[in-house]
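A.B. asks: sequence plus the predicted model coming up.
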Number of protein chains: 2
Amino acid sequence: MSNTPVFPYTEKEEKLARYAKALSHPVRVYILQFLDSQQGCYVGNIVEELPMAQSSVSQHLKELKDAGLIQGTVTPPRVKYCIDRQNWEEARVMFAFFFGNIREEESCCD
Amino acid sequence: MSNTPVFPYTEKEEKLARYAKALSHPVRVYILQFLDSQQGCYVGNIVEELPMAQSSVSQHLKELKDAGLIQGTVTPPRVKYCIDRQNWEEARVMFAFFFGNIREEESCCD
DNA sequence: TCCTTCTATCGTAAAACGACGATAAATTTA
DNA sequence: TAAATTTATCGTCGTTTTACGATAGAAGGA
């Protein structure tokens, strides 16, 4: 007798939405670009770049980590963050597919 | 003497974040896929697909329109929505660039 | 041991989001 | 003109987001 509304979308759409949500704030977009342009860096390096409280940056990092787009390694007394290449690749493919980059067998050099 | 904090990101990051925000809800992802799979359709057709109030669907459509990803045409007594191909293409390129699909001159067939 | 450094977490407040029902607005149909 | 249809907007309510300062915790160095 449960009356849970049934949505027509699947976990795929939910996953894309989760990745999109992680990218839905310019500070997080910036942090990802910053990390992508290097092999990774410490929290302090990111905080230096941004005119906001350290706790706020930490919060954005947490969201990016929860979304799976970055990963942190504790190297006392610091924490090094870098892009999670596995999920980054997954997100890349999902967005490409969503926007129709991948239509079918697109032959190149035609 | 203004003390407005200066962020290191530009309008480009803000724009990507805006597009991402539009995609940050599974219902909106679904609506875009639905519209992308046709030439467009009426609000009623979308409402039929979703187990939620018509006003909620209308709200999501408004957000997608504000983000620039869809456009509406009034054909009384109905409104037809379709993908805004211009901005869709812009978003496609921006996400592709962000995720590194476009690195440099990638020669194909190598 | 004590202090410093670095980062995460907590508590809080303001704003934005997401859902709903009710209603308005515009046009077609009866 | 009256009624029905279709969609947008309004008001509301509960939840989530985003920012901050304060503080906790973990490790290294004095």
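C.D. replies: Yes, it's here. Numbers count the residues shown, from 1 in each chain, chains lettered A, B, ... in the order given.
A.B. asks: within the helices and strands, which one has A:Val6?
C.D. replies: Counting by DSSP states H and E, there is no helix or strand that carries A:Val6.
A.B. asks: that one touches B:Leu50, doesn't it?
C.D. replies: No: counting by CB atoms under 8 Å, A:Val6 stays clear of B:Leu50, with 10.0 Å between them. In short, each C-beta sits where N, CA and C put it, glycine included.
A.B. asks: just confirm A:Gln71 is within a helix.
C.D. replies: No: using DSSP: H, G, I helix; E, B strand; the rest coil, the assignment for A:Gln71 is strand, not a helix.
A.B. asks: follow-up on the earlier one: neighbour-wise, which of A:Val6 and B:Leu50 wins?
C.D. replies: Comparing A:Val6 with B:Leu50 by other CB atoms under 10 Å in any protein chain shown, the one with more neighbours is B:Leu50, at 20 against 7.
A.B. asks: in contact with the more buried one, which residues?
C.D. replies: With contacts defined as CB atoms under 8 Å, 6 or more residues apart in numbering or on different chains, the neighbours of B:Leu50 are A:7-8, B:27, B:30, B:57.
A.B. asks: at 10 Å instead, please
C.D. replies: Each residue near B:Leu50 by CB atoms under 10 Å, 6 or more residues apart in numbering or on different chains is listed here: A:5-9, B:27, B:30-31, B:34, B:56-57, B:60.
A.B. asks: check A:Val79 too.
C.D. replies: Residues near A:Val79 by CB under 10 Å, 6+ apart: A:42-44, A:58, A:61, A:72-73.
A.B. asks: check the residues you listed and tell me the two furthest apart.
C.D. replies: Greatest spatial distance among these (CB to CB): A:Ser58 and A:Thr73, at 15.4 Å.
A.B. asks: more crowded one of these two?
C.D. replies: Neighbour totals were compared for A:Ser58 and A:Thr73, and A:Ser58 leads with 13 against 10 (other CB under 10 Å).
A.B. asks: nearest residue to that one in space, please, no chain neighbours.
C.D. replies: Residue nearest to A:Ser58 in three dimensions, not counting chain neighbours: A:Val43, with 6.8 Å by CB to CB, 6 or more residues apart in numbering or on different chains.
A.B. asks: show me the shaky parts of chain A.
C.D. replies: Along chain A, segments meeting pLDDT under 70 span A:1-4, A:103-110.
A.B. asks: if you set the cut-off to 80 instead, what comes out?
C.D. replies: Counting by pLDDT under 80, chain A contains low-confidence residues at A:1-5, A:76, A:102-110.
A.B. asks: what residues does it have near DNA strand D?
C.D. replies: A:21, A:24-25, A:27, A:52-56, A:59-60, A:63, A:76-77 (CB under 7 Å from any atom of the strand).
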